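*Asks:* I need the structure of the sequence given here:
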Amino acid sequence: MRLDEFMSSPAVTVPSFTSAADAKAAMERAAIRHLVVLGPGRQIAGVVSAGDLRDDPRGNVAEVMSSPAVTASPDTDVATAARLLRERAIGCLPVVDGGRVVGLVTVSDLLALLGKGALRVQARNPAWTLPGRGPTHHPDRRGR
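*Replies:* This is a model prediction of the structure:
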């Protein structure tokens, strides 16, 4: 499954000169935990999370954002996205196509996808199990 199949779109963005207090208020209004920060030319400059703004936010988002942002393309597969989030210990991946932010994928999005059964384990084919072996084999228990 690709990111463009389940990403949140459009991603909520703010300019880098946005005050931290305004960014925190925007997150609360939209009930979200991440904002993509755009610099000059609307290029991605970083990401700011609710955790970055937890304490009394002062200054602007450019002072507290994580930069550079780790990004992914719309055709990135779920396993690669999960690996990036885990290895980099980050909470979201802005999805960028042609230099433009087109969406956002969070750890919560991946967990929701997993909860819906998108990554179901395939049932074992009984033909693959040797007769008289494996978890379905029950030897004669008469002598017990």
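
*Asks:* now this structure, which segments are flagged as low pLDDT?
*Replies:* 56, 117-144 (pLDDT under 70).

*Asks:* Closest to the centroid, which residue in the chain?
*Replies:* Centrality entry for the chain: nearest residue to the mean C-alpha point is Thr106, 2.6 Å, by C-alpha atoms, centre = their mean.

*Asks:* That residue bridge partners, please.
*Replies:* On the basis of DSSP bridges, Thr106 is bridged to Cys92.

*Asks:* Give the full set of residues in contact with it.
*Replies:* Contact analysis of Thr106 by C-beta atoms under 8 Å, 6 or more residues apart in numbering lists 8, 33-34, 91-93. For glycine as for every other residue, the C-beta is placed from the backbone atoms N, C-alpha and C.

*Asks:* Let's see if you can find the most crowded of these.
*Replies:* With neighbours taken as other C-beta atoms under 10 Å, the top of the contacts of Thr106 is Leu93, carrying 29 neighbours.

*Asks:* can you map out the strands along the chain?
*Replies:* Along the chain, counting by DSSP state E, strands occupy 13-15, 34-38, 44-49, 92-97, 100-106.

*Asks:* deepest of these, which one?
*Replies:* Neighbour counts (mean count of other C-beta atoms under 10 Å) averaged over each of those peak at strand 34-38, with a mean of 24.

*Asks:* Walk me through which strands that one pairs with, and which way each runs.
*Replies:* Applying DSSP bridges, strand 34-38 is found paired with strand 13-15 (parallel), strand 44-49 (antiparallel).
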